[in-house]
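> give me the fold of what follows.
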Amino acid sequence: MSRLSLSFLIEAILFSFLLATQTSADINPYLFRWVFGNGNNNLTQLATCGSNLISIVPINGTVPPMGVPPYYMISYAVGQMPVTSFMGEDPQNLVFAVTQPPGKLSSRQPGSQLLLSVVDSLGNPGGSPPQLITVIEGQTTQCVTWPSSEPSFTVSANASENLDACAPWAITASGGSPPYTITLSETGEPFVINVTMPFGADRYTYINRATSGGQLIAAVSDFTGRWASGTPVISPIGSSDNNCNGVPSSSTNATLIDKQAAISRQKHKVTVIVVVVLLLVAGPGGYTAWTLRRCRQRRREAMKATVPAQFPRTYEEPTDEYISRGKPQKAPEPRRWRVRADAEESAARRNVEAPVHRGPLAATLRTPAAPANPGDIAVGLFDGTSSPPVQVLDDGAECASWSEHADGAFVEV
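Sure thing, here's the model as predicted:
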């Protein structure tokens, strides 16, 4: 066999091996799973800088351990920067050490909260434990990498606690070297979601389709493979709706979206200011107009009160009720003879002034009879046409000093 044929055969074997490896990875992305050395993946705490044994185990009892060595542990720290740690090539003898800081980082977290995920050399995932793991201080902290107070590459989100099913989760990257890759990893799930955003996009809006009751981590890496600081986490709640009415997750430019939102907020602010100014101007003006209207109305009512009331012109006979209340009685008709004493007594008793009667008399007018003796008074009726009564004095002379009484009689003055 020639040297050329031997070289070609070796290259063909290597190519077939690489093709088979890549094909198996594409066909079955869930190549393996992993457990801690004691077989317990329900641990809730890990000490700093300690040696933690990791084993790669088959997905089921009949499939041998798979994956392409070497293996790595990615520890996603909530609010911090993820750390990728090399564990080794022997699937049954891998070692992992926690390098995130322990202790109380905030009033709500007792220490670093980690979501652990094992990957092989091809990036195939081995799943995550069903809970976050808290970092506690071990025998030493020399291996701990303390986070920077002013990181140049960060990630933020619009929610950091509970998130309803199908609700949008906006994840924004700032700094670094685009394009960015979003990694979504959920507790208790055997897979992760990797999404590379197009160049120029720095915000990924994820429609929540995660399993309710777990916790979902969103990590961001840039073109160079560097992780962003500030990894957010949410707790999906509600029904696990994987359809969400067909609403897809999307990538956008955060600067453009924020600018449009700022314009919308500015328009809303201007509208509120205009409404407030109009209310401030129209309020006192309306109150002034209402006050002036009330004043004019009261003035008209006061003027109406000064107009004399129109009384009926017909005369009404007094009733017994009015007489019993002491009301004045109507003067009697002047058709009888009276002496002065009788007339005065009658007028004083009734306390009235009878109207002068000028009408025609029913009786025949006649002159009063001559008094029998000098000094006597003769009283008679007078209708305004005949001569008034006269008085005969002692010397026989006549005197016309008579006055017409209110009821038509003539008495001496």
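
> got the domain ranges for the protein?
1-27, 31-141, 152-256, 331-413 (automatic domain parsing).

> measure how buried the closest residue to Glu89 other than its chain neighbours is and give me the count.
Distances taken as Cβ to Cβ, 6 or more residues apart in numbering put Pro69 closest to Glu89, at 4.0 Å, once the chain neighbours are dropped. Glycine gets a C-beta too; all of them are placed from N, C-alpha and C. By other Cβ atoms under 10 Å, the residues close to Pro69 number 13.

> now do the contacts for Pro69.
88-91, 120-121 (Cβ atoms under 8 Å, 6 or more residues apart in numbering).

> what about those, which are in strands?
If you go by DSSP state E, the contacts of Pro69 have Gly88 in strands.

> for this structure, what spans make up the helices?
With DSSP state H as the criterion, the chain has helices at 3-27, 254-306, 320-324, 340-350.

> least confident of those helices, on average?
Least confident of the helices of the chain, judged by mean pLDDT, is helix 3-27 with a mean of 41.

> find me the pLDDT at the residue nearest to Ala165 when sequence neighbours are not counted, would you?
Excluding the flanking residues, the one nearest Ala165 by Cβ to Cβ, 6+ apart is Gly238, at 3.9 Å. Note on Gly238: pLDDT of 88.

> from Thr181, how far off is Gly238?
Going from Gly238 to Thr181 by Cβ to Cβ, to the nearest Å gives 28 Å.

> out of these two, which sits in the more crowded spot?
When neighbours are counted by other Cβ under 10 Å, Gly238 and Thr181 differ, and Thr181 comes out ahead with 17 against 13.

> so that one sits right up against Pro198, yeah?
No. Look at Thr181 against Pro198 with Cβ atoms under 8 Å: they stay out of range, at 11.5 Å.

> wait, doesn't Gln215 sit right on Glu186?
Yes. Assessed by Cβ under 8 Å, Gln215 is found in contact with Glu186 at 7.0 Å.

> in contact with the residue nearest to Thr140 when sequence neighbours are not counted, which residues?
Leaving aside its sequence neighbours, Thr140 sits nearest to Cys49 (Cβ to Cβ, 6+ apart; 4.9 Å). Contacts for Cys49 were tallied using Cβ under 8 Å, 6+ apart; they are 97-99, 138-144.

> let's see 6 Å
The neighbours of Cys49, taking Cβ atoms under 6 Å, 6 or more residues apart in numbering as the test, are 97, 138, 140, 143.

> nearest to Val233, of those?
Nearest to Val233 among those is Ala97, at 22.6 Å by Cβ to Cβ.

> need the pLDDT of the closest one.
96.

> could you do Gln139 as well?
With respect to pLDDT, Gln139 scores 91.

> and it, how many neighbours?
There are 9 residues near Gln139, going by other Cβ under 10 Å.

> ramachandran coordinates for it?
Main-chain torsions, Gln139, degrees, to the nearest 10: phi -70, psi -20.

> buried ones in stretch 175-188, by neighbour count?
Neighbour-count burial for stretch 175-188 flags 175-176, 179-187 (criterion: 16 or more other Cβ atoms under 10 Å).

> list the buried residues for stretch 49-62?
Under the neighbour-count criterion of 16+ other Cβ under 10 Å, stretch 49-62 has 49, 52, 54-57, 59 buried.

> also stretch 231-240?
Within stretch 231-240, judged by 16+ other Cβ under 10 Å, the buried ones are 231-237.

> now the two most distant members of these.
For these, and using Cβ to Cβ, no pair is farther apart than Thr231 and Ile237, which are 20.2 Å apart.

> just the strands in the stretch 1-150 of the chain please.
Remark: strands assigned in the stretch 1-150 of the chain by DSSP state E, counting those that start in this stretch are 33-36, 45-47, 52-57, 71-77, 83-88, 94-96, 113-119, 133-136.

> now for those strands, which one comes closest to Ser160?
strand 113-119 (12.0 Å).

> output that closest one as PDB, nothing but the C-alphas.
C-alpha atoms of strand 113-119 as PDB (Å, rounded to 0.1, in the frame of the first residue of the first chain):
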ATOM      1  CA  GLN A 113     -27.500  32.000  44.700                       C
ATOM      2  CA  LEU A 114     -26.300  29.600  42.100                       C
ATOM      3  CA  LEU A 115     -28.000  27.700  39.300                       C
ATOM      4  CA  LEU A 116     -25.500  24.900  38.200                       C
ATOM      5  CA  SER A 117     -25.300  23.500  34.700                       C
ATOM      6  CA  VAL A 118     -22.800  21.000  33.300                       C
ATOM      7  CA  VAL A 119     -21.800  21.100  29.600                       C
END
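
> what pLDDT, on average, does that strand get?
Average pLDDT, strand 113-119: 95.

> do stretch 170-180 as well
Rounded mean pLDDT across stretch 170-180 is 95.

> which residues are in contact with it?
Contacts of stretch 170-180 (Cβ under 6 Å, 6+ apart): 152-158, 196-197, 199, 202-205, 218, 220, 222-224, 228, 254.

> next step: those restricted to strands.
If you go by DSSP E, those have 154-157, 196, 203-205, 218, 220 in strands.

> just the buried ones from the residues you listed, in ChimeraX syntax?
Filtering the ones in strands among the contacts of stretch 170-180 down to the buried ones (16+ other Cβ under 10 Å) takes a single ChimeraX command:
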select :154,155,156,157,203,204,205,218,220
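
> ok, so of the ones in strands among the contacts of stretch 170-180, who is nearest Gln45?
Ala218 (23.8 Å).

> and Met197, what are its phi and psi?
Here is the backbone geometry of Met197 (degrees, to the nearest 10): phi -80, psi 150.

> repeat that for Gly175.
Per degrees, to the nearest 10, the backbone of Gly175 is at phi 90, psi -160.

> just the pLDDT at Gly50, thanks.
Reported pLDDT for Gly50: 92.

> try the one 4 residues further on
What the model reports as pLDDT for Ile54 is 94.

> also the one 3 residues further on?
At Val57 the predicted local confidence, pLDDT, stands at 86.

> contacting residues for it?
Val57 makes contact with 33, 35, according to Cβ under 6 Å, 6+ apart.

> can you tell me how far the closest residue to Cys166 other than its chain neighbours sits from Asn208?
Leaving aside its chain neighbours, Cys166 sits nearest to Cys244 (3.8 Å; criterion: Cβ to Cβ, 6+ apart). Counting by Cβ to Cβ, the gap from Cys244 to Asn208 is 8 Å.
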